[in-house]
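Chemist: have a look; sequence and predicted model below, questions after that.
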There are 2 protein chains.
Amino acid sequence: MKVEVTQENLARALGNVGRVASSRTGLEILNNILIRTEGKQLLLAATNLEIAATERIGAKISSQGSVTVPAKLIYELIHNLPKETITLTTDGATLHITSPSNTATINGVRDDEFPEIPVIDEGNAANLSLSASLFKQAATQTIIAASTDSTRPVLTGVFWHVVDGKLYLAATDGYRLAEKEVSKLESDISAIIPTSTMQEVLRTVSDESASIDLLFDDTQVRFRVGDNEITSRLIDGKFPDYRQLIPASSATSFVAEKQDLVQAAKLASLFSSGSGGNIRIETKPAEENVAISSVASEYGDNNSTLPVASISGEEATVSINSRYLIDALAVIDNGRVSFGYSGKLAPCVIRSVNNVGDYTHIIMPIKS
Amino acid sequence: MKVEVTQENLARALGNVGRVASSRTGLEILNNILIRTEGKQLLLAATNLEIAATERIGAKISSQGSVTVPAKLIYELIHNLPKETITLTTDGATLHITSPSNTATINGVRDDEFPEIPVIDEGNAANLSLSASLFKQAATQTIIAASTDSTRPVLTGVFWHVVDGKLYLAATDGYRLAEKEVSKLESDISAIIPTSTMQEVLRTVSDESASIDLLFDDTQVRFRVGDNEITSRLIDGKFPDYRQLIPASSATSFVAEKQDLVQAAKLASLFSSGSGGNIRIETKPAEENVAISSVASEYGDNNSTLPVASISGEEATVSINSRYLIDALAVIDNGRVSFGYSGKLAPCVIRSVNNVGDYTHIIMPIKS
């Protein structure tokens, strides 16, 4: 192999692709990045056997070939070189990296030990395109509710599915649930994408990314962001019928400025660590306010009065985990939020008042 | 005790003072912050028995008193309250924190268990005043060379001393040495200040801080930054006569742009981890350049050609630890730097060309 590439292109592609490389599975070769000529392009690829990332960059190719080298080492090397043309040549499994002021040699591994990069047959796959900003928002708003407990694999992913011609993303860990209405969609998609894959795509999406193209087959999904492709297995199994858990209405509800609710939740959380995060929310319609409180019998207690824009329904109290409330508010747009509940046992519903219907966050109460 | 303070003043003071609180010594009370009325002011104090931090803030005091409460909890509580007037009242060892929208109770500990806050007798002490920016630069440039090995305590501090009417700061871990000429000074100071104290003062100094006042007695130093005071023990012992280690001249030297040298050092460091950080610097006066190289027999090697502004003396080679070179360059001003050495065994001398004499960094070579 002998190819010439610009430092900028190579550094960017190695940065995007190399993050996926990891030997946590114990397979040494997965630490490496595959560098292979493909016609007039240079392919860079890495995989951890769950997610594969590839990127093709323009190159002046004098002779074809391929090699694999440690992803972290080649990334740091290229990243520290000045913005010059870089020549890559191979000599067996050895890669020579030459630029006007620097020459480096990396002892690599031949590509025949490298796992095959998965491919999706475009002919038989459902596809959709999302704006990068909408994807970022939808992913961020749902990932937080996904489970990290691998004993129920379906809950460790985000469920992409279509209801009445609209695409929804949803996730739940059994204690909370997030659903985002994303866009109209004619194809019928029903797939659970691992949270780790969603996070990897989030890291790849830059502020300049215009759109993200997705392609689903029965077992895999491919995200394309510019020249970068991330292919991931889907999680096998049936996602729970979560929509039945979203209350159609709440007996009690109030509307408050998000920042005021964040502040009251943080203050209450300081005294909730001894009680599993338990904070108490009590509407007082007669006084037109809401009290948020917590007690740590060992070191103290806190009581906030939350100013509200409106309050309706009956006087009632509910206890929830402060962290879940803080997490939910962190991904909701600034402005006013509504908080609805029906006594001590029914799910609490949090929505942005600006975009009702578009994002719903459910928190199950703590039974006390 | 009953006092009224503004949220801003209390949050700032708790932030500055609370960092020192720590129970690493095993004494539970050291996690706490002391809150005590002192005439018309409110004193906040914390100590880890090595460093004590205090700050006095203006307060409307209705009744005198004191209490100690967990530093982290009270800081986070006050920090999350809105910018309003806060009322602090005590009831035995219980502190009530009341603001218009929030009431909190913290179970504290009576102040008689709290260690005494050290005081320096101003009459018998040497004092000096430094601009905050000069202190920040001098501290940053010397701390990096101090030792972290507690078996030689004197090397774990920064040596403040006066030579020919000038104040110098110096530190060395035996492998490298940093000396900064700070200012003219008439008093005679000779004191070793723990690195941890210097770091704590660095954290307290803000960009708005105008000056820092220091007061030394035989065993302690007090830094005053605005309303904040940090009092620390000095390290007992004799600092080595380091000045004899600084070469008066070097047989070989070159001048290069700092950024070019940083880049070459970083590239070389990638291949130096297998050899204890060993990188090789070789001047080639005939070719008017300098080669910087490293070899990791297992995974590869790197060779950079460093462009130089000037080069003088004989052709020679020296091996040093890449991390020490990168550390030194990180605290030297941008622009050109000079690098001098005398063969494989003598110390290397690095200086900023803009400010010769004002900062000297010495790196001992690796004998190979």
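Modeler: Okay, I see it.
Chemist: shaky segments in chain A?
Modeler: Along chain A, the parts satisfying pLDDT under 70 run over A:23, A:356-357, A:368.
Chemist: give me the secondary structure label for residue A:141.
Modeler: helix (DSSP: H, G, I helix; E, B strand; the rest coil).
Chemist: can you give me the neighbour number for the closest residue to residue A:229 other than its chain neighbours?
Modeler: Once flanking residues are discounted, residue A:229 sits nearest to residue A:54: 4.9 Å by C-beta to C-beta, 6 or more residues apart in numbering or on different chains. Placement of C-beta: from N, CA and C, glycine included. Residues near residue A:54, counting by other C-beta atoms under 10 Å in any protein chain shown, number 26.
Chemist: again, but for residue A:70
Modeler: Residue A:70: 22 neighbours (other C-beta under 10 Å).
Chemist: give me every residue in the stretch 151-300 of chain A lying close to chain B.
Modeler: Listed as neighbours of chain B in the stretch 151-300 of chain A under the rule C-beta under 8 Å from any C-beta of the partner chain: A:263, A:264, A:266, A:267, A:270, A:271, A:298, A:299, A:300.
Chemist: these two touch, right, the fourth one and residue B:79?
Modeler: No - in this structure, residue A:267 is not within contact of residue B:79 by C-beta atoms under 8 Å, at 10.0 Å.
Chemist: just want to know which of these two has more residues nearby.
Modeler: residue A:267 (26 against 17).
Chemist: please, which helix or strand holds the more buried one?
Modeler: Using DSSP states H and E, residue A:267 falls within helix A:258-269.
Chemist: returning to that earlier point: need the max-distance pair from the residues of the stretch 151-300 of chain A next to chain B.
Modeler: Using C-beta to C-beta, these span at most 23.9 Å, a distance reached by A:263 and A:298.
Chemist: okay, the two: which has more neighbours?
Modeler: residue A:263 (19 against 9).
Chemist: give me every residue that touches the closest residue to chain B within the stretch 151-300 of chain A.
Modeler: Per C-beta to the nearest C-beta, residue A:300 is where the stretch 151-300 of chain A lies closest to chain B, at 4.1 Å. With contact set as C-beta atoms under 8 Å, 6 or more residues apart in numbering or on different chains, residue A:300 has these partners: A:271, B:73, B:104, B:105, B:106, B:107.
Chemist: go ahead and confirm the fourth one touches residue B:96.
Modeler: This means residue B:105. Yes - if you go by C-beta under 8 Å, residue B:105 and residue B:96 touch, sitting 5.5 Å apart.
Chemist: higher neighbour count, those two?
Modeler: Applying other C-beta under 10 Å to residue B:105 and residue B:96 shows that residue B:105 carries more neighbours, namely 19 against 16.
Chemist: just list whatever residues bridge to the closest residue to that one other than its chain neighbours.
Modeler: Nearest non-adjacent residue to residue B:105, counting by C-beta to C-beta, 6+ apart: residue A:300, 4.6 Å away. In this entry, residue A:300 is beta-bridged to residue A:296, residue B:106, by DSSP bridges.
Chemist: if we can go back for a sec, show me what the helix holding residue A:267 is packed up against.
Modeler: Judged by 3 or more C-beta pairs under 8 Å, 6 or more residues apart in numbering or on different chains; DSSP states H and E, helix A:258-269 is in contact with strand A:278-284, strand A:289-296, strand A:300-307, helix A:322-330, strand A:336-341, helix B:71-80, strand B:102-107.
Chemist: circling back: out of the contacts of residue A:300, which one sits closest to residue A:139?
Modeler: Nearest to residue A:139, judged by C-beta to C-beta, of the contacts of residue A:300 is residue A:271 at 32.7 Å.
Chemist: who are the contact partners of the residue lying farthest from the centre of chain A?
Modeler: Centroid-distance maximum for chain A: residue A:286 at 42.2 Å, with C-alpha atoms, centre = their mean. With contact set as C-beta under 8 Å, 6+ apart, residue A:286 has these partners: residue A:315.
Chemist: doesn't it lie inside a helix?
Modeler: Yes - counting by three-state DSSP, residue A:286 is part of a helix.
Chemist: please enumerate the helices of the stretch 51-200 of chain A.
Modeler: Assigned by DSSP state H, counting those that start in this stretch, the helices in the stretch 51-200 of chain A fall at A:71-80, A:132-143, A:195-204.
Chemist: just send those back as TSV, with distance to residue B:350 too.
Modeler: Converted to TSV, the helices of the stretch 51-200 of chain A look like this (distance: least, C-beta to C-beta, whole Å):
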stretch	distance to residue B:350
helix A:71-80	20
helix A:132-143	45
helix A:195-204	37
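Chemist: which one among the contacts of residue A:300 gets closest to residue B:182?
Modeler: Nearest to residue B:182 among those, with distances taken as C-beta to C-beta, is residue B:73, at 39.4 Å.
Chemist: quick one, which of the contacts of residue A:300 are buried?
Modeler: For the contacts of residue A:300, a burial check counting by 16 or more other C-beta atoms under 10 Å in any protein chain shown picks out A:271, B:73, B:104, B:105, B:106, B:107.
Chemist: do I have it right that residue A:255 meets residue A:336?
Modeler: Yes - look at residue A:255 against residue A:336 with C-beta under 8 Å: they come within range, at 5.4 Å.
Chemist: please identify which helix or strand holds residue A:212.
Modeler: Assigned by DSSP H and E, residue A:212 falls in strand A:211-216.
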